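Peer 1: Have a look at this fold, sequence not included:
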Ligand code: ADP
């Protein structure tokens with residue numbers, strides 16, 4: 001892989017974004033998703049490596065936009081899949097629409113302007129009364145009329161738009177809950193549990209919406225929309241290796257949530273846990289698994305979001321975040337890149353506003369002590385690639401400090417299984433041997449190698465073809481087995497992102513400050 005931020009990498013990103021978009025426009029959604037996922041990972045590398053806030057913001061915005069595009073593509077795939085469920089019953093219903101007007105679901109789609117936009121002239125024509133069996137009235141030599149007139153890409157775009165609108169409406173704090181009246185229009189109801197998955201997010205007994213006073217509505221919405229996360233569905237088994245980290249997190253976070261009465265007094269839970277390690281080793285995944293495994297409300301805070309969007313007001317956001325976390329307790333507040341929120345005090349780069357954010361965070365963390373209310377636990381889980389930059393006061397509050405290392409052989413092997421579970425492998429591939437070749441690679445690097453290797457056959461197949469020719473390819477022609485050579489080539493292209501010097505630095509820091 002090209003060096004982070006190099007012109008080669010930038011042009012790779014540019015090329016992959018273009019490929020993703022072209023494939024999406026051509027209706028090759030699966031391939032488009034692969035490109036989107038890959039390029040998002042490349043951008044993520046740059047986010048992690050970039051220390052210049054202004055440039056990092058730009059990377060973050062780009063990542064955000066591409067994530068939305070990817071989500072739209074995935075929504076389209078889901079919708080198309082659902083139309084082909086039941087042995088194509090849905091698709092047949094689509095095909096037979098001219099015969100079966102009034103036959104349930106299809107008409108619902110057809111009449112839904114959110115899905116198909118304003119009625120097309122051909123729909124209006126079809127609205128005229130027709131013979132019961134139109135096909136039998138057609139001249140024998142003429143083929144039956146083509147049923148679906150809306151081009152696939154247009155329909156798909158509209159469906160995607162409809163989905164996006166629906167998702168937006170669902171995520172909106174004012175979205176009604178099934179069986180519950182929507183809040184009065186125009187009246188802010190920020191804490192309403194609308195759209196919340198009740199299985200995932202604990203609902204207070206009285207089910208009262210969270211309505212703090214003295215906060216800006218936008219700020220509350222930001223928290224509800226971008227930070228409060230639902231349906232994470234990441235389990236320990238989704239994370240390769242990291243057995244020690246899983247055990248420590250289980251003991252430090254999950255068990256206290258499950259047995260709050262035991263973890264009191266001297267056994268009180270840690271106020272905060274810090275995950276330290278090179279980028280791409282699964283820290284974020286581990287945090288999500290913690291929240292899934294113990295069913296806590298999960299607040300996912302990227303310090304970059306806090307400082308960029310709310311510079312000047314970030315300390316208010318921190319206060320509100322903890323207030324909301326306490327309200328929905330037990331909660332986990334995950335702060336990614338916590339070093340950039342809490343760099344060493346007095347360092348040159350420290351702005352007045354970031355000093356305020358930092359002190360607010362420390363104050364709030366002192367207040368998260370659950371005291372006599374074990375069920376009201378709020379756990380702060382931080383992650384950093386730069387532990388040496390963290391303020392001492394914060395470090396002291398993050399009492400448990402866990403190292404998340406590069407994966408060992410066993411972890412690499414498990415990760416290969418996870419990454420390649422849907423990929424056809426040629427007979428000459430031995431995953432044990434590939435795991436050996438990946439020594440020194442991070443989880444994210446391994447993911448990139450697998451992605452690159454898994455795309456080689458497709459790249460070879462579409463090389464030299466124009467868009468029309470690509471469009472005509474049968475999916476089976478593209479989905480060819482990945483060979484050992486593909487992995488060899490991918491390994492040459494994707495180099496490890498963590499150097500031995502970096503590893504030494506982590507080990508030294510852990511020796512001095514770790515507490516595992
Ligand atoms: P970090 O937070 O340590 O920088 P992430 O948790 O964001 O790393 O991991 C980045 C990506 O790398 C994940 O989305 C996942 O695809 C892959 N990955 C890294 N480590 C693991 C792991 N141990 N198990 C499964 N996937 C992993």
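Peer 2: Okay, I see it. Fair warning: this is a prediction, and the values are worked out from it, not measured in the lab.

Peer 1: Find the nearest non-adjacent residue to whichever residue of the chain sits closest to the ligand, please.
Peer 2: Nearest to the ligand, among the residues of the chain, is residue 443, at 2.1 Å (C-beta to the nearest ligand atom). Every C-beta, even on glycine, is put in place using the N, C-alpha and C of the backbone. Spatially, and ignoring its direct neighbours in sequence, residue 443 is nearest to residue 282 (4.9 Å; C-beta to C-beta, 6 or more residues apart in numbering).

Peer 1: That neighbour: how many residues sit nearby?
Peer 2: 26 (other C-beta atoms under 10 Å).

Peer 1: can you check residue 367 too?
Peer 2: Residue 367: 14 neighbours (other C-beta under 10 Å).

Peer 1: my guess is it contacts residue 322, does it?
Peer 2: Yes: counting by C-beta atoms under 8 Å, residue 322 is a contact partner of residue 367 at 7.0 Å.

Peer 1: Which of the helices and strands in this structure ranks last by mean pLDDT?
Peer 2: helix 121-126 (a mean of 29; mean pLDDT, DSSP states H and E).

Peer 1: ok, the closest residue to residue 77 other than its chain neighbours - contacts?
Peer 2: Spatially, and ignoring its direct neighbours in sequence, residue 77 is nearest to residue 29 (4.8 Å; C-beta to C-beta, 6+ apart). Contact analysis of residue 29 by C-beta atoms under 8 Å, 6 or more residues apart in numbering lists 23, 73-74, 76-77, 80.

Peer 1: which secondary structure element contains residue 215?
Peer 2: Remark: residue 215 resides in no helix or strand, with elements defined by DSSP states H and E.

Peer 1: so which helix or strand takes in the residue found closest to it once you drop the neighbours it is linked to in the chain?
Peer 2: Among residues not flanking residue 215 along the chain, residue 320 sits closest, at 5.4 Å (C-beta to C-beta, 6+ apart). Using DSSP H and E, residue 320 maps to helix 314-327.

Peer 1: which secondary structure elements does that helix contact?
Peer 2: Helices and strands touching helix 314-327, by 3 or more C-beta pairs under 8 Å, 6 or more residues apart in numbering; DSSP states H and E, are helix 217-222, strand 297-302, helix 303-309, strand 331-336, helix 352-367, strand 378-384.

Peer 1: what's the model's confidence in stretch 40-58, averaged?
Peer 2: The predicted model gives stretch 40-58 an average pLDDT of 82.

Peer 1: can you list the residues that contact the host helix or strand of residue 488?
Peer 2: Using DSSP H and E, the element containing residue 488 is helix 484-493. Contact with helix 484-493 is made by 1, 426, 428-430, 433-434, 437-438, 449-450, 452-454, 456-457, as judged by C-beta under 8 Å, 6+ apart.

Peer 1: just the buried members of those?
Peer 2: Neighbour counting with 16 or more other C-beta atoms under 10 Å marks 1, 429, 434, 438, 449-450, 452-454, 456-457 as buried within the contacts of helix 484-493.

Peer 1: and which of the residues you listed is nearest to residue 222?
Peer 2: Ranked by distance to residue 222 (C-beta to C-beta), the buried ones among the contacts of helix 484-493 are led by residue 1 at 34.0 Å.

Peer 1: Let me see the residues that make contact with stretch 427-436.
Peer 2: By C-beta under 8 Å, 6+ apart, stretch 427-436 touches 409, 412-413, 416-417, 420, 425, 482-484, 487.

Peer 1: Tell me the span between the first and last residue of stretch 409-429.
Peer 2: From its first residue to its last, stretch 409-429 covers 17 Å (C-alpha to C-alpha, to the nearest Å).

Peer 1: quick one: buried residues of that stretch?
Peer 2: Neighbour count says stretch 409-429 has 411-416, 419-420, 425, 429 buried, by 16+ other C-beta under 10 Å.

Peer 1: try stretch 501-516
Peer 2: Residues of stretch 501-516 classed as buried by neighbour count (16+ other C-beta under 10 Å): 506, 509-510, 513-514.

Peer 1: Same list as before, these that is, but in TSV and with distance to the ligand and secondary structure included.
Peer 2: Listed next are the buried residues of stretch 501-516 as TSV, based on distance: C-beta to the nearest ligand atom, whole Å; DSSP: H, G, I helix; E, B strand; the rest coil:
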residue	distance to the ligand	secondary structure
506	12	helix
509	16	helix
510	15	helix
513	18	helix
514	16	coil
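
Peer 1: Max pairwise distance over those residues: which two?
Peer 2: For those, the farthest-apart pair by C-beta to C-beta is 506 and 513; their separation is 10.8 Å.

Peer 1: Which residues are in contact with each of these two?
Peer 2: By C-beta under 8 Å, 6+ apart, the residues touching both residue 506 and residue 513 are residue 387.

Peer 1: Please list all residues in contact with residue 400.
Peer 2: 248, 252, 270, 272-274, 515-516.

Peer 1: Check residue 401 too.
Peer 2: By C-beta under 8 Å, 6+ apart, the contact set of residue 401 is 273-274, 276, 387, 395, 510, 513-516.

Peer 1: Stretch 422-435 near the ligand at all?
Peer 2: No: judged by C-beta under 6 Å from any ligand atom, stretch 422-435 and the ligand are separated, with a smallest distance of 13.0 Å.

Peer 1: Endpoint to endpoint, that stretch covers what distance?
Peer 2: First-to-last residue span, stretch 422-435, C-alpha to C-alpha: 18 Å.

Peer 1: hmm, back to that, next step: the contacts of helix 484-493 restricted to helices.
Peer 2: 433-434, 437, 449-450, 452-454, 456-457 (DSSP state H).
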